[in-house]
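Asks: Next come a sequence and a model predicted from it.
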Amino acid sequence: MAEMDCGGCHTAAPEKLPVSDCAGCHGDRSGLHLEGAHPGLECTQCHLPHRWAVSERGACLECHSDMADHNVPDFCGDCHGF
């Protein structure tokens, strides 16, 4: 996503939200994307705009705070495949 032109998602420069659904280009989800509450979430709840790759525990701990002491300091995605 970082290599895309802004117009790939936004129709106007000051626009905050994307104009297209992420699934339009990324329809093939797998792993944990399809389990639990994940299918009902907006993509940007975990994939922060302009940084897309979830590579830090903080994104997961926003919802899974009960796992804060689980396998620290490893990234959740190292064991839990998406």
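Replies: Great, that's in hand.
Asks: pLDDT weak spots in the protein?
Replies: Along the chain, the model assigns pLDDT under 70 to residues 1-2, 13-20.
Asks: quick one, what contacts the residue of the chain most remote from its centre?
Replies: Distance from the centre of the chain peaks at Ala12, with 22.9 Å (Cα atoms, centre = their mean). For Ala12, the contact set (Cβ atoms under 8 Å, 6 or more residues apart in numbering) is empty. Just so you know, the C-beta spots here come from the backbone N, C-alpha and C atoms, and that holds for glycine as well.
Asks: Work out for me the element it sits within.
Replies: Assigned by DSSP states H and E, Ala12 falls within no helix or strand.
Asks: ok, it to Asp5 distance?
Replies: According to Cβ to Cβ, to the nearest Å, Ala12 and Asp5 sit 13 Å apart.
Asks: Repeat that for Asp21.
Replies: From Asp21 over to Asp5 the distance is 18 Å, taken as Cβ to Cβ.
Asks: quick one, which of these two is more surrounded?
Replies: The neighbour count for Asp21 versus Asp5, taken as other Cβ atoms under 10 Å, is higher for Asp21 (11 against 7).
Asks: Many thanks, we can stop here.
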